[in-house]
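S.K.: Predicted model and sequence below, questions to follow.
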Amino acid sequence: MTDLVKIPVTVITGFLGSGKTTLIRHLMQNPQGRRLAVIVNEFGTLGVDGDILRGCADASCPAENIVELANGCICCTVADDFIPTLESLMALPERPDHILIETSGLALPKPLLKAFDWPAIRSRITVDGVVALADAEAVAAGRFAPDVAAVDAQRAADDSLDHETPLSEVFEDQIACADLVLLTKADLAGEAGLAAARAAIEAVAPRPLPALTVTEGAIDPRLILGLDRAAEDDLDARPSHHDGADDHEHEDFDTVVIDLPEIADPADLSARIARLAEEQHILRVKGHVAVAGKPMRLLVQAVGARVRHQYDRPWGETPRASRLVVIAEHDHVDPAAIRAVLEGVPA
């Protein structure tokens, strides 16, 4: 690749736990001859996804090509973090052929696309495409794409429902900005669920969008990379609830980091995390946990009450410390109450 060729970037967006990291890991393992680089944006102070991806680093995507930005949404820290990160990747001795950006699950993609108009990078970078991941099971249940008529009826009956929930707006903005939608967790949704999810996406999409099913991130990379959309030049076709706003904030969400002692039973921890989702409206939990008598660290990832855990690697030289990131809507974050549930303290 010569310096005159723009480096393509794929923006991978999607709600919390929709499978973005799993998809990127699959692309890293199947690069189609490309040398990849990855930028991971975490919402909060503790990064987990970047650590997972660094464990998959190889010659096609070495560790130095994987950069984690954990100081907030990249569309809010363009000058301080995002632009310098892109410039550092382009300055590597072996420039990447393609850059993957995993946005925070709470990010609005359109402000990020606007950042590609910055003079420092516009002539050297192009947005090959925006891929939105949607949890088919969750969308089918109406949690992220509510029926407009039903919402209007609720609004009429209850003055407290005078606008779309923040989660719905995030989901709709991600779909509106996409060039391709991937319906993840297809095996959990079933045929009826997939049909309902497709209908929900069609109801909020501003234009016809291809929607493909995927399980565990396994999809032909040729369907993801090489879309050649130049999305930064097509912003008007990607409407947002926040068009015209002077800034972009995440005041609707809060993050808290919880340090825990060693645990004895992963199943018990999973049950407590599920309880958090039900009692305290927790959206997402992820992190690593030390299990008594186990030399490997336990990777924990939860979306609502659905909790998954697996041993991913030995602790090695990494400090043996249990730490979880908990994300919730702003009015529901109570660090003391969250800690009490996770530590099993009686109410």
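M.R.: Structure's in. What do you need? Numbering: from 1, shown residues only.
S.K.: Show me the strands in the stretch 51-200 of the chain, by range?
M.R.: 66-69, 98-102, 125-135, 180-184 (DSSP state E, counting those that start in this stretch).
S.K.: Next, give phi and psi for Ala141.
M.R.: Phi and psi for Ala141, reported as degrees, to the nearest 10, are phi -80, psi -10.
S.K.: re the thing from before, for Lys114, which of the strands of the stretch 51-200 of the chain is the nearest?
M.R.: strand 125-135 (10.6 Å; C-beta to C-beta). No exception for glycine: its C-beta is placed from N, CA and C like everyone else's.
S.K.: What's the mean pLDDT across that closest one?
M.R.: Strand 125-135 shows a mean pLDDT of 94.
S.K.: part of a strand, is Arg313?
M.R.: Yes - assessed with DSSP: H, G, I helix; E, B strand; the rest coil, Arg313 lies in a strand.
S.K.: Next one: it from Leu299, what distance?
M.R.: Look at Arg313 and Leu299: by C-beta to C-beta, to the nearest Å, they are 9 Å apart.
S.K.: higher neighbour count, these two?
M.R.: Leu299 (19 against 14; other C-beta atoms under 10 Å).
S.K.: my guess is that one contacts Asp312, does it?
M.R.: Yes - Leu299 lies in contact with Asp312 (C-beta atoms under 8 Å); the separation is 4.3 Å.
S.K.: which residues of the stretch 201-347 of the chain fall in helices?
M.R.: With helices called from DSSP state H, counting those that start in this stretch, the stretch 201-347 of the chain shows them at 266-280, 335-343.
S.K.: Can I get the ones you listed in TSV including mean pLDDT and distance to His241?
M.R.: As requested, the helices of the stretch 201-347 of the chain are exported to TSV (pLDDT from 0 to 100; distance: least, C-beta to C-beta, whole Å):
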stretch	mean pLDDT	distance to His241
helix 266-280	89	25
helix 335-343	87	29
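S.K.: Export those helices to TSV and append columns for distance to His242 and mean neighbour count.
M.R.: Shown next, in TSV, are the helices of the stretch 201-347 of the chain (distance: least, C-beta to C-beta, whole Å; neighbours: other C-beta atoms under 10 Å):
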stretch	distance to His242	mean neighbour count
helix 266-280	27	16
helix 335-343	29	15
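S.K.: Out of these, the one nearest Asp81 is which?
M.R.: Across the helices of the stretch 201-347 of the chain, closest to Asp81 is helix 335-343 (C-beta to C-beta), at 26.0 Å.
S.K.: ok, residues contacting the closest one?
M.R.: 256, 258, 260-261, 269, 272-273, 275-276, 279-280, 282, 324, 326, 345, 347 (C-beta atoms under 8 Å, 6 or more residues apart in numbering).
S.K.: For Gly344, which residues are in contact?
M.R.: 268, 272.
S.K.: could you check the distance from it over to Val256?
M.R.: Counting by C-beta to C-beta, the gap from Gly344 to Val256 is 18 Å.
S.K.: and the residue lying closest to Glu278 once chain neighbours are set aside, how far is that from Ile66?
M.R.: Nearest residue to Glu278, sequence neighbours excluded (C-beta to C-beta, 6 or more residues apart in numbering): Ala305, at 6.0 Å. Distance of Ala305 to Ile66, given as C-beta to C-beta: 31 Å.
S.K.: Compare neighbour counts for the two and give me the winner.
M.R.: Ile66 (23 against 14).
S.K.: doesn't Val40 make contact with the more buried one?
M.R.: Yes - between Ile66 and Val40 there is a contact under C-beta under 8 Å: 7.2 Å.
S.K.: Surely Leu276 touches Leu283?
M.R.: No - judged on C-beta under 8 Å, Leu276 makes no contact with Leu283 at a distance of 10.0 Å.
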